[in-house]
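>>> after the sequence you'll find the predicted model.
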Amino acid sequence: MSATIQQPRTIGHRSDLFWIAAMVHRISGVLLACFLPLHFLVLGLAIEHAASLDRFLKWTEEPGVRLIETALVFVLAVHLLGGIRVLLIENLAWRPGQKQIATAVIGIAGTVAMLFLLLTL
Amino acid sequence: MTLRLYLLQRLTAVLMVPLIIAHLVTIIYATHHGLSAAEILGRTRGSLGWATFYGSFVLLAAVHASLGVRSVAADWTPLRSAALDALMWLFCLALVLLGARGVYAVIAT
């Protein structure tokens, strides 16, 4: 006898903080996976000539690019902290306050990104 | 995802935690002090410590990211079994090659 898996018929779960936290973790991971090859290609510019790398680094000082970098710092920090949260949930007993921790992940990642922006202005 | 792949993704995640924290601190510190090719290469060229740091970071990130891409593709695309594995291996190989080239560029050139 095979069991039939019922698909959820509503999207009500999408307003749940834990679902949002899982989505933030997943989407930040996808963004990092897209960014990594570009990051490695930029480092590879140093093979050709240090001046090529310098030209690229000069370009990153443009305000628009600096904002994108800030967003990348946020994405890396939120994926790191969200990942630590997942590891703790999977390996330790469930504790109260998980929603607050999920919110704190976003808050701390935002603070790290703002710190990056303020220190590089 | 099999248990082996699941455990590998968790293991790479745990190992990367201190590396990412160090990377974030380096990013903020170095950018604050003005990022230039001379600054980066002056720090990294010929350094066994940075070679080990970035070399292991590239390998761990390549494995972790390709396992993540496999999971997302399994959930959000029609790809199944062999196609998922092919995607995972191709992505991992591309990241390892590009990452190794990047590490070589800042350590050995």
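Now that the structure is in, tell me what you want to look at.
>>> who's in contact with the closest residue to residue B:67 other than its chain neighbours?
Counting by CB to CB, 6 or more residues apart in numbering or on different chains, the nearest residue to residue B:67 once its immediate chain neighbours are dropped is residue B:9, at 4.2 Å. To be clear about C-beta, it is placed using only N, CA and C from the backbone, and glycine gets the same treatment. The contact partners of residue B:9, taken as CB atoms under 8 Å, 6 or more residues apart in numbering or on different chains, are B:1, B:63-64, B:67-68, B:71.
>>> try 7 Å this time
Neighbouring residues of residue B:9 by CB atoms under 7 Å, 6 or more residues apart in numbering or on different chains: B:64, B:67-68.
>>> from those, which is closest to chain A?
Nearest to chain A, judged by CB to the nearest CB, of the contacts of residue B:9 is residue B:68 at 4.8 Å.
>>> could you give the number of residues near the closest one?
22 (other CB atoms under 10 Å in any protein chain shown).
>>> can you tell me the helix or strand for the residue lying closest to it once chain neighbours are set aside?
In this structure, residue B:68 finds its nearest non-sequential neighbour in residue A:29, 4.8 Å apart by CB to CB, 6+ apart. Assigned by DSSP states H and E, residue A:29 belongs to helix A:17-48.
>>> does residue A:82 count as helix, strand or coil?
helix (DSSP: H, G, I helix; E, B strand; the rest coil).
>>> name all residues that make contact with the spatially closest residue to it that is not a sequence neighbour.
Nearest non-adjacent residue to residue A:82, counting by CB to CB, 6+ apart: residue A:25, 3.9 Å away. Taking CB under 7 Å, 6+ apart as the criterion, residue A:25 is in contact with A:79, A:82-83, A:86.
>>> out of those, who has the most neighbours?
Of the contacts of residue A:25, with other CB under 10 Å as the count, residue A:79 tops at 24 neighbours.
>>> mind listing what's buried in stretch A:20-27?
Across stretch A:20-27, burial judged by 16 or more other CB atoms under 10 Å in any protein chain shown covers A:21, A:24-26.
>>> now render the residues you listed as a markdown table, adding distance to residue A:101.
Output for those, formatted as a markdown table (distance: CB to CB, whole Å):
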| residue | distance to residue A:101 |
| --- | --- |
| A:21 | 9 |
| A:24 | 13 |
| A:25 | 13 |
| A:26 | 18 |
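>>> wait, which of those residues is closest to chain B?
residue A:26 (6.5 Å).
>>> I'd like to know which elements the helix or strand containing residue B:52 is packed against.
Element membership for residue B:52, per DSSP H and E: helix B:48-76. If contacts are counted by 3 or more CB pairs under 7 Å, 6 or more residues apart in numbering or on different chains; DSSP states H and E, helix B:48-76 sits against helix A:17-48, helix B:3-32, helix B:81-107.
>>> show me what secondary structure element comes after the second one.
The one in question is helix B:3-32. Immediately after helix B:3-32, counting by DSSP H and E, sits helix B:37-44.
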